[in-house]
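Asks: fold the following.
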Amino acid sequence: MQRLINHKNDSGMTLVEILVSLVILGLVLMSVFPLVTQSLQVVNLSNTIATQLFSQQDEIEVVAVTKDGAFLEDGTFIPVSSFSVFTGDDTTWVAGMTVEKDKLVRFIASRLGYRNYTFNVIEGYTASEGTFVIEDDSIEKDDNYSVTATDKQGNYYNISSNTQKGSIEFTLPTDSSNRFTNYGSPYLITVTNNTTNETQEIATLFVRMPKAVIAGSSGLLISSSNIPSNWVQDGSSTWVQKSKPPNKINDIVNIHNSADGRNCFVAAADGGRVYIWKEGSNSFENVTLPAAVGTRNLNDIILVPNTVLIVGDGGLVIKGDYQFTDDDMTWTWSVVRSAGSGWAYSDLNAIAYKGSGEYYLVGDKKMIIKYAANNFQVLTSNNPSLGSINGKRAVILTPDGDYLQTSSSPVSGNSSRTIFMVVRPDKVANISLFTMAASNSTANQFLTLRTDSQGRLAVQSTSSNMVSSNLQLSAGTAYIISCRYDNSKSTDNIILSLNGTSTTLTLSGTLNTSGPIQLGSDSLTPVTDTSDFSGYIGDVFLSNKALRKDPFNESYLGTHRCAPEMDIVTHYLSVKYSIGTSIDKGNKYFRNYNLGSPTPLNDFAWARSGLNTYWEENDNWWPYRTDTPRYDFSVVLWLDAFRLSGERIATWTPRTWGTSYNFTVPALNSLNAVACYDSIVIAGGEYQNLFKYDTGSSNLSKTNSISEYSFEDMLFVDDKIIALVNNPTPKICSIRKTGESFEISSLRSSNSTLNDIYAYDDGSLLLVTGNNGTILYSEDKGATWSSSESGTSQHLYAGCIR
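Replies: Numbering: from 1, shown residues only. Purely as a prediction, here's the structure:
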């Protein structure tokens, strides 16, 4: 033995000679050993050495050193007494040093009669998974044996065992305080014959990282299995509870190194914390981040090759670039979007990766951001902006859900009413224009001026009662639209008009509009097939009567054919916004209240040109003059866009009734979840229709899905999106594309709030975690769902499977 060590280059057996000798020895021993198990052990040892000999490594790394010896990366254990065989002196051995392969081969060859077992177990193991057997003919049933373990930190454990003739069975501890962990791995297992006071067997035990981890309100749950059927045995949960980091964990991903099988869990947490659990670390350990991160909550994390992106409060986005080294991981952390204040820096709640370098981020106050090529583009808006229709001021409502709303209405119940508005829509199918809500968002007897699926002007009063006209709108064209409701009639009680062309319809039933007014939306109604208006809105008039629709004769220095109120309002808007109409402009505006002659509508201009037949701010004429005998316009609301200024408006105060019926931007609801559906990005949040962004056309809109849901999380699986909904009741839903809209269907209900959904193996296994210890899973890409006993009542916030 000493001769081989002293003459490693030119003396002793060559590596090939050792290999051949071992193979021959194995064949001989197989023929003479009485037990097959002994023969197989020797052959396996030969195979192990062969693998080492033919590998390209010249050195083997020391992965751990204990008071008893050192563990090599191939599983070999070198006792302290043999250290000098490799170093030739009393060099202190430490993890990370290497051993020359030829010395290792000679060492193994010299110890062919000594067994070194290697066992593997996964942290979170069950009692059966942590039970092992060492077989050896020399083990005597009547002798007294003890089994001990020493972890890589030198901690010492006694292990329960059971001795039989020729074997000894030992079981790893399963109580919470003494469980073996990946942090303590590898462990040296020593079997001592107390009768003879001799060490009989030595084994190496490697504890691998858990297969699944769930972060809860009071601790972690870990499992040694990624198969749900193993999470419960004999009616009891097999999840193992483990202490957690101090801050609430909001999301977890797993990084897998395919080259050597190493794994690393990465968690985003409150208080500006990122936790990492890598091979050999003590569960989740805190990571040092740039100071700019501060203590802002980190809410979601996404994994792409060699990078994680994390979003957080204040619009914060941080990036972690990682690389696996021979024995560790290296990280480089950077802030790619600094936190700020104001709407543009609303808290970010979720992130999704579409591919091709495009990320989509969503957050509070309906925030949607596209991140690509190191550029952040905000796709949504917080308030309507100002533009123009044919050179006159107008309010721009965007397709991401801009609309305005009052707190109440001056026209209620089943009262007659007339609505006028100037619009230039960006799209015309199934859009909401003007809504007078009922008592609540689920009640009928509301009144909504809208379009149907073909873009024709329509009116609706219940979830199933809509009547359409033949008045066709086109996108990008300016219109004067009116709706006249006469409560004195049960038939022919609605007149819809488009640029003066009218049609008479029957709206069955009665109205009971006791709620607010919405401009550009019907979210306060049970209507489900419309989208919020996108485009331009000019002046809006609301009267509390059915305005006169037919011309009439009046005498003033002769008999005059006079225009009705409906035509005067239409012509005023026509002159102001330069929109052609089909009304009879030869009819006259009757004006004897100031001894003025009746004036043909055709004579009116907008701006003053020296005559009195102009309309802009001229108090000789309606709407600037309210006392107009022979006419009763009964205007209770007039929204005049002409006086608006600034880039954005949060409030549109009516010119009549002042602030009593302000139209304001409702509180912006949060978006909590985002997923990519082919070329479409879908985002969901609190009580609002799903957002849809077409990455090809860069078109952002709201889907016509109902707004009663509050979405918590979602991901794309197979041909659909699986989403978590918490209101009105917690459930798992499927979102499928049907034409231009999306269909939401319930898959599984829950009694507890649902917090997180995680996909493993391309969605073949889905894990959902929720409050009160809720664990739900699907093994068929979301088609069917089952529950699993967690063994805890704590709230479970985030889960991950590897």
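
Asks: which residues sit in contact with the nearest residue to residue 571 once chain neighbours are set aside?
Replies: Take residue 571 and drop its neighbours on the chain: the residue closest to it by CB to CB, 6 or more residues apart in numbering is residue 601, 4.8 Å away. Yep, even glycine has a C-beta here, placed from its N, CA and C like the rest. Residue 601 sits next to 563, 567, 568, 571, 583, 584, 585, 586, 587, 588, 589 when contact means CB atoms under 8 Å, 6 or more residues apart in numbering.

Asks: please report how far the fifth one lies from residue 240.
Replies: The reference is to residue 583. Using CB to CB, to the nearest Å, residue 583 is found at 79 Å from residue 240.

Asks: kindly report the same for the last one.
Replies: From residue 589 over to residue 240 the distance is 85 Å, taken as CB to CB.

Asks: more crowded one of those two?
Replies: The neighbour comparison of residue 589 against residue 240 (other CB atoms under 10 Å) goes to residue 589, with 26 against 20.

Asks: right, and the more buried one touches residue 565 too?
Replies: No - when contacts are counted by CB atoms under 8 Å, residue 589 is not listed as touching residue 565 (10.4 Å).

Asks: now tabulate the contacts of residue 601 in JSON lines and tack on distance to residue 202.
Replies: Formatted as JSON lines, those follow (distance: CB to CB, whole Å):
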{"residue": "563", "distance to residue 202": "107"}
{"residue": "567", "distance to residue 202": "103"}
{"residue": "568", "distance to residue 202": "103"}
{"residue": "571", "distance to residue 202": "102"}
{"residue": "583", "distance to residue 202": "102"}
{"residue": "584", "distance to residue 202": "107"}
{"residue": "585", "distance to residue 202": "106"}
{"residue": "586", "distance to residue 202": "112"}
{"residue": "587", "distance to residue 202": "109"}
{"residue": "588", "distance to residue 202": "113"}
{"residue": "589", "distance to residue 202": "108"}
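
Asks: nearest to residue 312, of those residues?
Replies: Nearest to residue 312 among the contacts of residue 601 is residue 571, at 55.8 Å by CB to CB.

Asks: state the pLDDT value of the closest one.
Replies: Predicted confidence (pLDDT) for residue 571: 98.

Asks: sec struct for it, please.
Replies: Put simply, residue 571 is helix when judged by DSSP: H, G, I helix; E, B strand; the rest coil.

Asks: same question, residue 331
Replies: Secondary structure, three-state DSSP: residue 331 is strand.

Asks: so it bridges to which residues?
Replies: residue 322 (DSSP bridges).

Asks: could you find the closest non-adjacent residue to residue 158?
Replies: Nearest to residue 158 is residue 148, by CB to CB, 6+ apart, at 5.8 Å.

Asks: same deal with residue 215?
Replies: In this structure, residue 215 finds its nearest non-sequential neighbour in residue 249, 3.6 Å apart by CB to CB, 6+ apart.

Asks: tell me, how many residues neighbour that neighbour?
Replies: Residue 249 has 27 nearby residues by other CB under 10 Å.

Asks: same check on residue 227?
Replies: Residues lying near residue 227 (other CB under 10 Å) number 13.

Asks: now swap in the one 5 residues further on and tell me
Replies: As a burial measure, residue 232 scores 17 neighbours (other CB under 10 Å).

Asks: that one and residue 238 touch, don't they?
Replies: Yes - proximity of residue 232 to residue 238 meets the contact threshold set by CB under 8 Å, at 6.5 Å.

Asks: got the end-to-end distance for stretch 736-752?
Replies: Stretch 736-752 stretches 25 Å from its first residue to its last (CA to CA, to the nearest Å).

Asks: ditto for stretch 660-673
Replies: With CA to CA as the measure, the first residue of stretch 660-673 is 37 Å from its last.

Asks: any buried residues in it, and which?
Replies: Across stretch 660-673, burial judged by 16 or more other CB atoms under 10 Å covers 661, 662, 663, 665, 666, 668, 669, 670, 671, 672, 673.

Asks: and the first one, how far is that from residue 269?
Replies: What it means is residue 661. 46 Å.

Asks: again with the last one
Replies: As judged by CB to CB, residue 673 and residue 269 stand 19 Å apart.

Asks: what's the answer for the second one, then?
Replies: When CB to CB is applied, the distance between residue 662 and residue 269 equals 42 Å.

Asks: repeat that for the fourth one.
Replies: Separation of residue 665 from residue 269 (CB to CB) stands at 34 Å.

Asks: likewise the third one?
Replies: Counting by CB to CB, the separation of residue 663 from residue 269 is 42 Å.

Asks: again with residue 136
Replies: 49 Å.

Asks: those two: which has the busier surroundings?
Replies: More crowded of residue 136 and residue 269, by other CB under 10 Å: residue 269, with 28 against 18.

Asks: how about the residue nearest to that one when sequence neighbours are not counted, what does it touch?
Replies: Nearest-residue entry for residue 269: residue 247, 4.3 Å, with adjacent residues in sequence omitted and distances by CB to CB, 6+ apart. By CB under 8 Å, 6+ apart, residue 247 lies in contact with 269, 270, 271, 273.

Asks: got any ranges where the stretch 401-550 of the chain has weak pLDDT?
Replies: For the stretch 401-550 of the chain, applying pLDDT under 70 flags no range at all.

Asks: packing partners for the helix or strand harbouring residue 134?
Replies: Element membership of residue 134, judged by DSSP states H and E, is strand 131-135. On a contact count with 3 or more CB pairs under 8 Å, 6 or more residues apart in numbering; DSSP states H and E, strand 131-135 meets strand 167-171, strand 198-208.

Asks: for that strand, which strands pair with it and how are they oriented?
Replies: Strand 131-135 pairs in its sheet with strand 167-171 (antiparallel), by DSSP bridges.

Asks: in its sheet, which strands sit next to the helix or strand following the partner strand, and in what direction?
Replies: Next along the chain after strand 167-171, taking DSSP H and E as the criterion, comes strand 187-193. Sheet pairing of strand 187-193 (DSSP bridges) gives strand 145-150 (antiparallel), strand 198-208 (antiparallel).

Asks: now for the very next helix or strand once past the last one, which elements pack on it?
Replies: Meaning strand 198-208. Following strand 198-208 in sequence order, the next helix or strand is strand 212-216 (DSSP H and E). Strand 212-216 is packed against strand 220-223, strand 249-256, strand 796-801, with contacts defined by 3+ CB pairs under 8 Å, 6+ apart.

Asks: tell me the mean pLDDT over the first one?
Replies: pLDDT averaged over strand 220-223 equals 96, rounded to a whole number.

Asks: give the contact list for residue 699.
Replies: By CB under 8 Å, 6+ apart, the contact list for residue 699 reads 399, 693.

Asks: for the residue nearest the centre of the chain, which non-adjacent residue is spatially closest?
Replies: The residue lying closest to the centre of the chain (CA atoms, centre = their mean) is residue 673, at 3.1 Å. In space, residue 673 comes closest to residue 714 once its chain neighbours are excluded; the distance is 4.2 Å by CB to CB, 6+ apart.

Asks: mind checking how far the residue sitting furthest away from the middle of the chain is from residue 598?
Replies: Using CA atoms, centre = their mean, the residue of the chain lying farthest from its centre is residue 557. It sits 73.8 Å away. The gap separating residue 557 from residue 598 is 9 Å, by CB to CB.

Asks: do the same with residue 580
Replies: Using CB to CB, we find residue 580 at a distance of 23 Å from residue 598.

Asks: same thing with residue 227?
Replies: According to CB to CB, residue 227 stands 88 Å off from residue 598.

Asks: do a quick rundown of the strands in the stretch 1-150 of the chain.
Replies: Ranges of strands in the stretch 1-150 of the chain, per DSSP state E, counting those that start in this stretch, are 59-65, 69-72, 77-79, 98-100, 116-122, 131-135, 145-150.

Asks: closest to residue 178 out of these?
Replies: Within the strands of the stretch 1-150 of the chain, the stretch nearest residue 178 is strand 145-150; the backing value is 9.9 Å (CB to CB).
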